[in-house]
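> Sharing a model that was predicted from the sequence below.
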Amino acid sequence: MDKLKPLLRNHFWILAGLVVPLILYGYYSANGSLKAATAEREKTLTEVKNGVSSGNEPNEDYIKKLEHINTFLEASVQDAIVDLWRKQQERMTWPQAVAARIPEEFLADFDQQVPFIYKGLYPQLIRRLQKRAQPVEPLSQEPGNVGPMDLSGRPARPKAAVKTVNQKLILAGMVPHAQFGQFGITSKEMWDAQIDIWLTEILLDAIVKMNADKETISEAVVRRVDVIELMGGDGQRVTKDGGASSDPMMGDMGGMEAGGMGMSGMRGGTQAPVTISFSPEEEFGRALDAGGGGEGDMGMMPMDAAGMSGGGAASTAKRYIAETEEAPFLERGFYLSLIMMQSKIPDFIVTLANSDWPVQIRRFQVGANPYRVDQPTTQGDRFNPGMGDFEGGFAAPRGGMGRMGGMGSMGGMMNPGMPGTNAGRNEIVNIYAGNIPEFATSALNHPDLVQLDLCGVITIYKQPREALAAVAERQQAQPAVNEVPAEAAPSAAESAPMEAAPPASPAGAADGLSPESAPVNPNSLPATSENMAPPAAPGTPGAVPTEADLRPVIPGTATPPTSANPPAAAPAGNQ
């Protein structure tokens with residue numbers, strides 16, 4: 001025990017001596033583990049850090065999902081393009097006499113005989129186009145007086161007075177039409193002529209829609225059309241300061257603005273306000289190529305399909321606006337000069353913009369009604385541009401002739417031998433521009449009537465061959481939904497409903513016109529020595545197209561589309 005006393009007396013120091021090595025052991029032991037854990041953690045973090053993408057490597061998962069989205073969007077775009085094309089085709093009608101021989105490809109060549117047949121049908125197609133607007137019929141021809149002429153330019157047969165119902169418009173301006181040469185026409189000329197018919201139908205249908213709930217011109221919203229033209233341009237707007245005339249038919253007006261005093265009036269040299277008309281070149285650019293002429297060119301005169309103006313001068317007219325091969329569409333400009341109700345101008349612009357084909361309104365100007373008179377006209381005041389005095393005429397417009405371009409739009413009313421006209425070419429006379437009945441001229445005195453001049457662009461989509469092929473391929477690859485087995489499917493004869501043959505409609509019924517206002521079919525006249533002729537195929541000399549030949553049909557179908565008739569719906573609101 002005594003031996004342990006020294007140890008017990010110094011146990012603190014002994015234990016202290018033992019603690020120090022233990023502390024050092026624990027420190028180094030823990031430090032080693034900590035370093036190992038730290039190194040492991042650093043290694044793990046380094047691996048994670050190295051595994052983070054720098055953004056340059058492709059993400060396969062993202063690529064797959066993005067490809068799926070792009071495929072869906074591309075298919076949606078193709079479907080939309082095809083839908084636009086098929087919607088456009090509903091109005092791309094042809095006369096039944098040639099519809100079965102129209103190529104499937106847009107603007108493709110026809111076989112040799114089709115343009116020949118179409119040329120024989122064309123005058124009646126233009127007459128049918130005029131009837132679409134529900135125009136006021138001219139007065140009956142009086143013996144000894146110069147009366148209306150038929151489409152060939154010969155005096156028309158005297159006819160009984162017509163009814164006023166469904167005569168809602170004075171069609172003073174000739175509708176756009178081609179002026180073919182004496183010989184055959186090309187496929188391009190045929191396409192251009194028919195496309196212009198489709199575009200003019202778009203414009204006339206907007207007018208008919210505005211007048212749909214009216215019975216006569218005395219109630220109509222749009223009561224007179226002085227100018228209706230189609231044109232192209234280079235797409236570079238031309239201002240008056242840049243050398244463009246304010247009216248292509250009158251030359252430069254010297255910077256005079258509307259409301260100032262301009263050219264003398266048409267009667268007695270009295271001063272008249274400058275017309276509100278404007279040059280379409282200010283919106284569409286020049287219609288002639290750089291070397292195609294200058295101010296002397298009759299810029300607003302009707303052009304034939306070959307681009308020949310005037311007496312055959314070689315000046316190439318631009319048919320479309322800023323046309324390029326790469327663009328999937330074509331744009332054709334139009335110009336209208338109307339007499340209509342001022343309160344309905346917004347409705348008319350909206351109606352045009354809501355047409356079946358895309359229509360943009362680029363510019364419009366409104367002015368006073370030049371045909372309004374305060375007192376009954378005298379015989380000396382009766383005036384008809386291009387036709388001379390006549391019974392039941394209308395007063396000369398207070399503002400002169402309005403738009404002089406309307407003279408150029410009258411087509412066949414101008415002397416074929418005049419400079420600036422298509423001499424030696426087939427002319428189509430506007431029989432609705434003269435001999436206007438008194439009830440129609442009186443309807444132009446309404447206090448709310450104004451003159452509206454506007455221009456715009458109609459878009460025509462080109463045939464989307466790639467989109468059509470892609471949609472057809474995709475539809476073939478997808479199985480049909482609710483497909484009926486072949487053995488259970490009924491035959492075509494069993495499933496087709498019995499349909500009675502449609503009754504024969506009177507002339508003009510396909511255009512939505514009343515029998516009274518329909519064009520007279522020469523084949524329906526009583527057989528006389530004057531109208532008897534051996535039957536001939538359409539397009540041959542002496543052949544008279546029948547109503548069945550002229551009936552508009554979508555190629556590949558047997559019935560006319562609903563859009564072949566003028567719209568019956570009318571905008572809301574009363575006059």
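Yep, it's here. Numbering: from 1, shown residues only.

> Show me the strands in the chain, by range?
94-95, 170-171, 222-231, 261-264, 271-273, 329-341, 359-368, 382-383, 394-395, 449-461, 552-553 (DSSP state E).

> where does the stretch 401-550 of the chain have low pLDDT?
Under the criterion pLDDT under 70, the flagged ranges of the stretch 401-550 of the chain are 401-426, 479-543.

> ditto for the stretch 101-250 of the chain
Within the stretch 101-250 of the chain, the ranges that satisfy pLDDT under 70 run 141-163, 240-250.

> quick revisit: I'd like the strands of the chain as a markdown table, with mean neighbour count and distance to Lys65 appended.
In this view, the C-beta of every residue, glycine as well, is placed from N, C-alpha and C. Converted to a markdown table, the strands of the chain look like this (neighbours: other CB atoms under 10 Å; distance: least, CB to CB, whole Å):
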| stretch | mean neighbour count | distance to Lys65 |
| --- | --- | --- |
| strand 94-95 | 23 | 47 |
| strand 170-171 | 25 | 60 |
| strand 222-231 | 25 | 49 |
| strand 261-264 | 15 | 67 |
| strand 271-273 | 16 | 67 |
| strand 329-341 | 23 | 33 |
| strand 359-368 | 16 | 39 |
| strand 382-383 | 18 | 74 |
| strand 394-395 | 22 | 71 |
| strand 449-461 | 21 | 33 |
| strand 552-553 | 23 | 48 |
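
> got CSV for those strands, with distance to Val208 too?
Conversion of those to CSV gives the following (distance: least, CB to CB, whole Å):
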stretch, distance to Val208
strand 94-95, 20
strand 170-171, 12
strand 222-231, 9
strand 261-264, 34
strand 271-273, 31
strand 329-341, 13
strand 359-368, 15
strand 382-383, 28
strand 394-395, 22
strand 449-461, 16
strand 552-553, 15
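
> does Trp94 have beta-bridge partners, and which?
When assigned by DSSP bridges, Trp94 has beta-bridge partners Val553.

> Show the contacting residues for it.
102, 194, 552-555 (CB atoms under 8 Å, 6 or more residues apart in numbering).

> Chain neighbours aside, what residue packs nearest to Phe439?
Thr164 (5.7 Å; CB to CB, 6 or more residues apart in numbering).

> show me what contacts the one you found?
216-218, 437, 439.

> change it to 10 Å
Residues in contact with Thr164 (CB atoms under 10 Å, 6 or more residues apart in numbering) are 136-137, 215-218, 437, 439-440, 443, 516.

> Excluding sequence neighbours, find me the nearest residue to Asn59.
Nearest non-adjacent residue to Asn59, counting by CB to CB, 6+ apart: Ser53, 7.4 Å away.

> I'd assumed Asp61 was in contact with that neighbour.
No. Using CB atoms under 10 Å, Ser53 is not in contact with Asp61; the gap is 11.9 Å.

> pLDDT of the longest helix along the chain, averaged?
Across the chain, the longest stretch assigned as helix under DSSP state H is helix 11-51. The pLDDT scores in helix 11-51 average 85.

> Kindly report the same for stretch 288-305.
Summarised as a single mean, pLDDT over stretch 288-305 is 46.

> With stretch 317-327 instead?
pLDDT averaged over stretch 317-327 gives 93.

> gap between the two ends of that stretch?
For stretch 317-327, the first-to-last residue distance is 20 Å (CA to CA, to the nearest Å).

> where do the helices sit along the stretch 101-250 of the chain?
Using DSSP state H, counting those that start in this stretch, the helices of the stretch 101-250 of the chain run over residues 113-132, 187-210.

> Looking at those, spot the one closest to Val350.
Nearest to Val350, of all the helices of the stretch 101-250 of the chain, is helix 187-210, at 9.5 Å by CB to CB.

> what angle separates the closest one from helix 113-132?
Angle of helix 187-210 versus helix 113-132, following axes from the mean of the first three to the mean of the last three CA atoms, to 10 degrees, is 20 degrees.

> Mind listing what's buried along helix 187-210?
If you call a residue buried by 16 or more other CB atoms under 10 Å, then helix 187-210 has these buried ones: 187, 189-210.

> helices and strands around that helix, which ones?
Counting contacts by 3 or more CB pairs under 10 Å, 6 or more residues apart in numbering; DSSP states H and E, helix 187-210 is packed against strand 94-95, helix 113-132, strand 222-231, strand 329-341, helix 345-353, strand 359-368, strand 449-461, strand 552-553.

> hmm, 6 Å instead?
Contact analysis of helix 187-210 by 3 or more CB pairs under 6 Å, 6 or more residues apart in numbering; DSSP states H and E lists helix 113-132, strand 222-231, helix 345-353 as its packing neighbours.

> What helices and strands are in contact with the longest one?
Contacts defined by 3+ CB pairs under 6 Å, 6+ apart place helix 113-132 against helix 96-99, helix 187-210.

> Is it possible to get TSV of those helices that adds distance to Gln89?
TSV is the format used below for the helices and strands packed on helix 113-132 (distance: least, CB to CB, whole Å):
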stretch	distance to Gln89
helix 96-99	12
helix 187-210	11
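
> which one of those helices lies closest to Val222?
helix 187-210 (4.8 Å).

> how far off strand 329-341 does the closest one point, in degrees?
40 degrees.

> Let me know the angle separating helix 187-210 from strand 449-461.
Using the same axes, to 10 degrees, the direction of helix 187-210 lies 140 degrees away from that of strand 449-461.

> ok, residues contacting helix 187-210?
91, 107, 109-110, 115, 118, 129, 132-133, 175-176, 178, 221-222, 230, 305, 332, 348, 351-352, 355, 357, 458, 566-567 (CB atoms under 6 Å, 6 or more residues apart in numbering).

> burial of the nearest residue to Ala75 once chain neighbours are set aside, as a residue count?
The shortest distance from Ala75 to any non-neighbouring residue, by CB to CB, 6+ apart, is to Arg474 (6.4 Å). Neighbour count for Arg474, taken as other CB atoms under 10 Å: 13.

> how far away is Arg474 from Gln78?
8 Å (CB to CB, to the nearest Å).

> Ok, Phe12 next?
To Gln78, Phe12 is 95 Å away according to CB to CB.

> more crowded one of the two?
A direct count of neighbours by other CB under 10 Å for Phe12 and Gln78 places Gln78 higher, at 18 against 8.

> show me what contacts the more buried one?
For Gln78, the contact set (CB under 6 Å, 6+ apart) comprises 467, 470-471.

> which of the contacts of Thr164 lies closest to Thr316?
Val136 (37.6 Å).

> Now that closest one: phi and psi?
phi -70, psi 130 (degrees, to the nearest 10).
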